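Q: one predicted model, sequence on top.
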There are 2 protein chains.
Amino acid sequence: MSGSIGIGLLGYGTVGAAVARALTSNATLIAAQAGAAVSLRRVLVRDASHPRALPPGAELTDDPAALLDDPGIGVVVEAMGGERPAFDYIQRALHAGKHVVTANKEVMAKHGPEALAHAAEHGVSLRFEASVGGGIPIIGPLLRDLAANELTAVNAIINGTTNYMLTRMARDGLGYAEALRRAQELGYAEPEPSSDVQGHDAAYKLAILASLAFRTRVHADDVYREGIERLDAADFRYAAELGYVVKLLAAGRRVGGGVQVRVHPAFLPAAHPLASVSGVLNAVELEGDLVGWAMFQGPGAGPGPTASAIVGDVIEVVRCAASGTAPPPPPSLDRGLRLESIDDLETQYYLRLRAADRPGVMAAIAHVLGARAVSLASVIQKEPARDDGTAEIVITTHTAREKAVRRAVEEMEALDAVLEVSNLVRVAGQVV
Amino acid sequence: MSGSIGIGLLGYGTVGAAVARALTSNATLIAAQAGAAVSLRRVLVRDASHPRALPPGAELTDDPAALLDDPGIGVVVEAMGGERPAFDYIQRALHAGKHVVTANKEVMAKHGPEALAHAAEHGVSLRFEASVGGGIPIIGPLLRDLAANELTAVNAIINGTTNYMLTRMARDGLGYAEALRRAQELGYAEPEPSSDVQGHDAAYKLAILASLAFRTRVHADDVYREGIERLDAADFRYAAELGYVVKLLAAGRRVGGGVQVRVHPAFLPAAHPLASVSGVLNAVELEGDLVGWAMFQGPGAGPGPTASAIVGDVIEVVRCAASGTAPPPPPSLDRGLRLESIDDLETQYYLRLRAADRPGVMAAIAHVLGARAVSLASVIQKEPARDDGTAEIVITTHTAREKAVRRAVEEMEALDAVLEVSNLVRVAGQVV
């Protein structure tokens, strides 16, 4: 093992195992590019008595200290996921002077700046390409290739689970529950799916992207967040009829002196570059003052793609270490840009509501919107499909302020003739 | 100027001027990320007596030595284009211990390995992100983020001029000459357009991409090349009828123990990820053993995007220089992979030919193909549109070997009943 750099791996789920495989199968390639061989020395799991196939030379342990305090380990790869104890282990590894490569979006979205400062303090690298967009190179391009740009917007589809579900709902007319069940059967959704379907996962990733793009601290909790649970087969039918595709959009934007960061379902025009990103694919599009527009697309999750990003980071870390070069300085996120409230969002809206099928109802609804200065772009009212004397009305608005639209929705719901406002979905404009 | 790093700029066309503007307008951003201020000191032009608006502090010169020998210049940006004298100036700058950032695809495709070795010898950086794909980060991701992958394919639309022309031909039914005229009017095509329309520009860029992706030397002359001049409005009509989009495809592929690199018009299935890349946009898709598939899209040319890539490289170079860090080692391109002949390509083909409209002709054509083991996938023969008794026949084949198809075409052309084989276009399969 002399001359090689020891790797410690935290976690041996599908991603951890794929990293171990890649380190072995592509060892020659990795060594040639890193300028030194790497060898997997230890793998931390919860229960080391449970047998696992490890590459030769690697030892299994369930004692964090055995890995984190091993002087033969120069780089720690964190592939456990979750906030704790992953964050504690990362901090311990950095404190011990080990470089860290992590795939952990939750840790980076909540504690990224502290961890990066901690790494700098100890003269080691903390890299996290795999935390956003799986195998798609996006952190690297943001930090380096696009560094000359004042970036003004980042729009992304960064949750493969929900994108798979929404794609099935659109293509096959599935309802939410059925789409979730199919995604779970295929292993795309967890048995407990809330992190994906409620948009937490996308919000973590957007917090990371927006922090780097706008060079300001955006915490996971700063991201306005709505999940996909309210979407119904009817919304997909109307979206198609109106020329839209339904996506879980993660959007960050410079607005005035601040930033606006939000994750929510959105209607995208069918010609929007993100509209054709289907299934488990992810995509990130950026706007900058020099580049104009660029988009990155690829598999947003999965063992292979995530290992691609992790091992790419390992190569970079080892290249630095092997040549005795100091790690690159941490990105500066100190602009302190103000966070804009979702109330101040200005966009178009789609409203689906159920109302009594009688004269004057549409006028009353239109009046409520008009009084809040929300202007109608289109109205669809089909023949009543129900026997209960109600009709479904679908409205799209011209650009309006979120706060006004929300007020109008409350006022509509207070109307006798309106049974419910079934859904309110933001409509994204064309980006290119 | 103390504490700042001097920049020398070779060339002050639209790209050079955009670099100068970006260095000025985004100076604070650049300094914060590079760890040192940069200042444009000298600009080399052919005729310095012709007045130009330069940022304050920068001097115009038409004497290369005044720039290349200026000890106050630490980084030379080459934005002249063309092989000579750009390559000589790059080599002189490297020899003088200056870092070089270039946008020059022709120099990198023909002399890249020599120039990179020369840079390493003198302990300086040579960066060339802007040489391929304009503002799209692609060199960086290939060299770093995707470094863990054994890459197996790169497919790209990397010439904006021809992509604009082909988009107009498809959308508006324009002929080749008319599409070229429109592109020239808009400044997308040069008055002397051969570098674009004959595929030289795309071949330069593919040589660079394939070299880095497959880690072997691919020279510009190694790339099989066909331009778009033979494409006709009829080909676009048939393509649409058959469900294809016509693109100038730049494709590199690992085949057996070698590589195959080619630039030529291709029919792409409408659902192919590259099929929707329209107008002056560029896109590069990659296949690798870990990542699977990833695609990068954006403006492939233009002053702003090119300046984005150049100044991104300048920041990286200055970051290294300011922290006293050695430049990253040059990519190793020493695999010596064999170049596969186009004769050995296996793909599907589209053939358009004009033949006598009489019984037995189709049988004769089919016989020629069958004798070469080329199997028909579809045949379109419309009512004869001409009074001359000829008919246009369009054939698509199943996967066949290029050599066999070419032989069959020769044999067809020798048939009395066949007036001409008007076009032969390769049909690309689905990649994802």
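A: It's in. Numbering: from 1, shown residues only, chains lettered A, B, ... in the order given.
Q: A:R401 reaches A:E346, doesn't it?
A: Yes. The pair A:R401 / A:E346 is scored as a contact, 5.5 Å apart, by CB atoms under 8 Å. All C-beta spots, glycine's among them, are computed from the backbone N, C-alpha and C.
Q: so the two - more neighbours on which side?
A: For A:R401 versus A:E346, neighbours defined as other CB atoms under 10 Å in any protein chain shown are more numerous around A:R401 (16 against 13).
Q: helices along the stretch 51-200 of chain A, start to end?
A: A:64-68, A:86-95, A:105-121, A:139-140, A:160-172, A:176-185, A:194-197, A:200-214 (DSSP state H, counting those that start in this stretch).
Q: then the stretch 201-350 of chain A?
A: Using DSSP H, counting those that start in this stretch, helices in the stretch 201-350 of chain A cover A:233-242, A:303-322.
Q: quick one, which of those helices gets closest to A:P141.
A: A:P141 sits nearest to helix A:303-322 of all the helices of the stretch 201-350 of chain A, at 12.3 Å, using CB to CB.
Q: for the residue most central in space within chain A, which residues are in contact?
A: Nearest to the geometric centre of chain A sits A:A202, at 2.9 Å (CA atoms, centre = their mean). A:A202 makes contacts with A:A156, A:I158, A:N159, A:T162, A:R225, A:L248, A:A250, A:V263, as judged by CB atoms under 8 Å, 6 or more residues apart in numbering or on different chains.
Q: ok, now with 10 Å
A: By CB atoms under 10 Å, 6 or more residues apart in numbering or on different chains, A:A202 lies in contact with A:105, A:132, A:156-159, A:161-163, A:195-196, A:223, A:225, A:227-228, A:248-250, A:262-264, A:282.
Q: same question, A:D63
A: A:R42, A:L44, A:A48, A:D69 are the contacts of A:D63 under CB under 10 Å, 6+ apart.
Q: most widely separated two among these?
A: Pairwise over the contacts of A:D63, using CB to CB, the maximum falls at A:A48 and A:D69, 16.3 Å.
Q: ok, the two, which is more surrounded?
A: The residue with more neighbours, out of A:A48 and A:D69, is A:A48; 16 against 13, by other CB under 10 Å.
Q: still on that earlier bit, give me whichever of the helices of the stretch 201-350 of chain A is most buried.
A: helix A:303-322 (a mean of 26; mean count of other CB atoms under 10 Å in any protein chain shown).
Q: want to throw the helices of the stretch 51-200 of chain A into TSV with mean pLDDT?
A: Below are these laid out as TSV (pLDDT from 0 to 100):
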stretch	mean pLDDT
helix A:64-68	98
helix A:86-95	98
helix A:105-121	97
helix A:139-140	96
helix A:160-172	97
helix A:176-185	96
helix A:194-197	97
helix A:200-214	98
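Q: get me the contact residues on the stretch 1-150 of chain A for chain B.
A: Listed as neighbours of chain B in the stretch 1-150 of chain A under the rule CB under 10 Å from any CB of the partner chain: A:18-19, A:21-23, A:25-26, A:28-30, A:32-35, A:129, A:133-150.
Q: and these, which of them are buried?
A: Neighbour-count burial (16 or more other CB atoms under 10 Å in any protein chain shown) is assigned, among the residues of the stretch 1-150 of chain A next to chain B, to A:18-19, A:21-23, A:26, A:29-30, A:32-35, A:129, A:133-150.
Q: was I right to think A:N155 contacts A:V261?
A: No. The criterion here is CB atoms under 10 Å, and A:N155 misses it with A:V261 at 11.3 Å.
Q: anything in contact with each of these two?
A: A:L206, A:L209, A:A250, A:A251, A:G252, A:R253.
Q: near chain B, which of the residues you listed show up?
A: Okay, of the shared contacts of A:N155 and A:V261, nothing touches chain B (CB under 10 Å from any CB).
Q: which one of those sits closest to chain B?
A: Looking at these and their distance to chain B, the nearest is A:L209, at 14.6 Å (CB to the nearest CB).
Q: low-confidence ranges, the stretch 301-432 of chain A, go.
A: Low-confidence segments of the stretch 301-432 of chain A, defined by pLDDT under 70, span residues A:384-385, A:430-432.
Q: just to revisit the earlier point, can you flag which of the contacts of A:A202 belong to strands?
A: Secondary structure from DSSP state E places A:A156, A:I157, A:R225, A:L248, A:L249, A:A250, A:R262, A:V263, A:H264, A:N282 of the contacts of A:A202 in strands.
Q: would you mind measuring from the closest residue to A:E150 other than its chain neighbours to B:A53?
A: Closest residue to A:E150 apart from its sequence neighbours, by CB to CB, 6 or more residues apart in numbering or on different chains: A:D289 at 4.5 Å. From A:D289 across to B:A53, the span is 19 Å (CB to CB, to the nearest Å).
Q: same drill for the two, tell me which one is more crowded.
A: More neighbours surround A:D289 than the other of A:D289 and B:A53, with 17 against 8 (other CB under 10 Å).
Q: so what's that one up against?
A: Each residue near A:D289 by CB under 10 Å, 6+ apart is listed here: A:A148, A:N149, A:E150, A:L151, A:T152, B:A22, B:S25, B:N26, B:L29, B:G304, B:A307, B:S308.
Q: and it, how far from A:T152?
A: Using CB to CB, A:D289 is found at 7 Å from A:T152.
Q: again with A:G304
A: A:G304 is 33 Å from A:T152, by CB to CB.
Q: before we move on, the earlier item: just the contacts of A:D289: which are in strands?
A: Using DSSP E, A:L151, A:T152 are the members of the contacts of A:D289 that sit in strands.
Q: the nearest residue to A:G227 once chain neighbours are set aside and chain B, how far apart?
A: Counting by CB to CB, 6+ apart, the nearest residue to A:G227 once its immediate chain neighbours are dropped is A:Q198, at 3.7 Å. Note on A:Q198: its distance to chain B, by CB to the nearest CB, to the nearest Å, is 28 Å.
Q: gap between A:Q198 and A:Y164?
A: For A:Q198, the distance to A:Y164 - CB to CB - is 16 Å.
Q: more neighbours, these two?
A: A:Y164 (21 against 17).
Q: surely the more buried one meets A:V277?
A: No. Applying CB under 10 Å, one finds A:Y164 not in contact with A:V277, separated by 11.2 Å.
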